[in-house]
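> What follows is a predicted protein model with its sequence.
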Amino acid sequence: MGLLASVKTDTAKLLEIAKQKAVSKFISHRDEEGYLHLKYYNDSQIRIPIIPFRPHQEEAQTKLFIDGVKRIYVWRPRRSGKEVESWNFIVQSAIETPGLYLMIYPTNVRARMVLWDGAIVMPDGSSLRFLDMIPKKLLSRKPNDQDMTIKLTNGSVIHVLGSDIDPDKLRGVNARGAVFSEFAYSDPRVLHILMPVFRQNNGWIFIQTTPNGMNHAYRFMNEVKNNDKWFCRIDTVETIVDKDGNRYITDDMVDEDRKSGMPEWMIAQEYYCDVQVNQETLYFSREIDNLIKTNRIIPDLIIPNSRVYAFYDIGWNDSTAVSLVQLDHRCNPHVIHYFEANNRTMSYYVQEARSFCSKHDLMLHSHYIPHDGQKRDWNTGKNTVDFGREMGENFVIVPKPTSKINAINQMRHMLYRTKFNKENTTRLIDCLSNYSKVYDEKNGIYKEEPLHDWSSHGVDSFQTMTLALDGNLVNVTPMEIVYINNV
């Protein structure tokens with residue numbers, strides 16, 4: 001190729017690149033209903049979202065993008081379009097304000113199934129993928145299928161993920177906005193870790209869910225619904241209506257699910273956002289309901305000058321959880337502190353327990369570990385009990401329960417005797433509230449078998465406490481002072 005031909009080829013490439021950049025540039029504005037309009041320099045126009053919103057979705061859109069409300073929490077019934085609503089909030093914000101945005105689901109598997117690979121059915125029967133709700137000319141490159149990441153031409157990054165990752169990995173992440181999808185089924189620690197970020201950078205949070213018993217989502221709604229910094233709305237199938245007042249989810253649709261075998265408690269929860277005492281899926285729902293009604297989550301609960309006992313669930317490849325407990329004069333437990341961590345030596349947990357006791361002028365008496373705690377420490381190679389003795393601590397092995405179901409029933413009884421420190425045990429209460437049964441998708445039933453997830457570690461530390469108390473392994477005999485008369 002001659003020099004002139006080469007120059008012509010390079011010039012053509014540069015012109016094409018310049019043309020593409022010109023086409024990708026746009027100006028934006030919002031209409032009165034909050035829709036984002038993009039006008040490109042080639043006179044083409046796009047409205048985001050590309051599909052019409054329902055009135056309740058337009059209300060939330062107006063609150064977020066026009067009224068400037070940075071904290072939104074909505075309870076929506078099934079079939080109310082929660083994913084379309086919240087996903088388009090992420091997309092709009094990423095287009096308007098460059099930054100990192102997070103779409104967070106209960107699990108990574110659910111994130112991929114519902115959104116990344118998911119689609120909605122349009123009125124004409126066709127399908128529209130969630131990823132295709134972003135105009136292709138706004139993408140800087142093809143979405144990364146491996147880590148579910150989307151990059152826009154303005155530099156924004158959208159990351160779709162599950163809350164079942166190690167939440168500590170999100171520390172220091174400077175996100176500008178986040179959606180928590182189906183928050184009632186997610187690990188709430190992700191929200192707790194990200195909240196300071198949004199306070200600092202004036203970012204926004206949109207939480208949407210259908211309730212799941214009296215768990216963290218229920219308690220959090222009660223905490224923020226009267227907070228003027230939050231917009232909260234609880235909907236039912238009767239309030240999700242079009243502009244003419246017609247319901248999107250009719251009684252006939254609800255009756256169809258009822259006739260197919262859906263129990264009444266689930267209909268109340270899924271369609272009317274009516275929080276139910278749901279022991280069919282959540283093991284401790286009745287006990288948590290009683291805990292709340294009898295006001296046994298108590299601010300500043302600590303018994304002065306009383307012994308403290310530490311009860312463990314030891315994780316060898318995941319979290320280790322520790323409950324610090326005092327006993328009242330009837331040997332009823334007061335859980336005064338709870339903490340958990342990953343990949344730490346046993347000395348870390350002992351020091352954390354010591355530090356808390358020292359801060360409150362309490363004596364740390366004994367440590368109780370489950371039957372498998374006799375394994376060697378995963379960093380030092382020492383037996384856990386011997387390791388504790390070297391630190392000057394008394395470690396006690398708690399025998400294995402006769403069965404998991406028997407242990408769960410013992411914990412149910414113990415919960416009626418237990419009080420919790422409000423400030424220090426929120427995570428443990430979240431774990432107990434969310435401890436659920438395995439769902440058998442093949443047969444459409446819940447098995448009498450616990451699901452192992454983020455809630456398991458806290459529950460197992462409570463199990464260690466229950467087994468130790470029921471087995472009379474806790475030494476509650478007060479120390480005697482002996483006076484010696486040398487005369």
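The structure has been received and is ready for your questions. Numbering: from 1, shown residues only.

> Is Glu340 in a helix, a strand, or coil?
strand (DSSP: H, G, I helix; E, B strand; the rest coil).

> do the same with Phe356
Under three-state DSSP, Phe356 falls in the helix class.

> and what of Asn317?
coil.

> how far away is it from Pro167?
Going from Asn317 to Pro167 by CB to CB, to the nearest Å gives 17 Å. Backbone N, C-alpha and C define where each C-beta goes, glycine included.

> Could you check which of these two is surrounded by more residues?
Under the criterion of other CB atoms under 10 Å, the comparison of Asn317 against Pro167 puts Pro167 first, with 18 against 7.

> wouldn't the more buried one be in contact with Ser186 here?
No. With contact defined as CB atoms under 8 Å, Pro167 does not reach Ser186; the gap is 10.4 Å.

> can you pull out the strands in the stretch 201-350 of the chain?
Per DSSP state E, counting those that start in this stretch, the stretch 201-350 of the chain carries strands over the ranges 204-209, 230-234, 297-298, 308-313, 320-327, 333-341.

> which neighbours does the fourth one have in its sheet, and in what orientation?
It stands for strand 308-313. Sheet pairing of strand 308-313 (DSSP bridges) gives strand 320-327 (antiparallel), strand 364-370 (parallel).

> Work out the gap between that strand and the centre of the chain.
25 Å (CA atoms, centre = their mean, to the nearest Å).

> quick revisit: of all the strands paired with strand 308-313, which lies closest to Met465?
strand 320-327 (5.8 Å; CB to CB).

> quick one: that closest one to chain centroid distance?
Computed by CA atoms, centre = their mean, the chain-centroid distance of strand 320-327 equals 22 Å.

> With stretch 322-340 instead?
Going by CA atoms, centre = their mean, where stretch 322-340 is centred and where its chain is centred differ by 25 Å.

> Now that stretch: buried residues?
322-327, 333-340 (16 or more other CB atoms under 10 Å).

> which residues sit against it?
For stretch 322-340, contacts defined as CB atoms under 8 Å, 6 or more residues apart in numbering pick out 301-303, 306-312, 319-321, 349, 352-353, 356-357, 362, 414, 417-421, 424-425, 427-428, 457-458, 461-462, 464-465, 469, 474, 476.

> Any of the residues you listed buried? List them.
Buried among these (16+ other CB under 10 Å): 301-302, 307-312, 319-321, 349, 352-353, 356-357, 362, 414, 418-421, 424-425, 427-428, 457-458, 461-462, 464-465, 469, 474.

> By mean pLDDT, flag the weakest helix or strand of this protein.
Ranking every helix and strand in the chain by mean pLDDT, DSSP states H and E puts helix 3-24 at the bottom, with a mean of 49.

> Pop the domain breakdown of this structure in here.
According to automatic domain parsing, the chain comprises the domains 26-272, 288-470.

> Tell me who's in contact with Ile104.
Listed by CB under 8 Å, 6+ apart, the contact partners of Ile104 are 111, 161-163, 178-181, 186, 190.

> and the helix or strand containing it with strand 204-209, angle?
Assigning secondary structure by DSSP states H and E places Ile104 in strand 100-105. Here strand 100-105 points in a direction 10 degrees away from that of strand 204-209 (axes from the mean of the first three to the mean of the last three CA atoms, to 10 degrees).

> partners of strand 100-105 in the sheet?
According to DSSP bridges, strand 100-105 forms sheet pairs with strand 157-162 (parallel), strand 175-181 (parallel).

> ranges for the helices of this protein?
3-24, 55-65, 82-96, 108-111, 189-201, 216-224, 251-259, 264-272, 285-293, 346-359, 384-390, 404-415, 426-434, 456-470 (DSSP state H).
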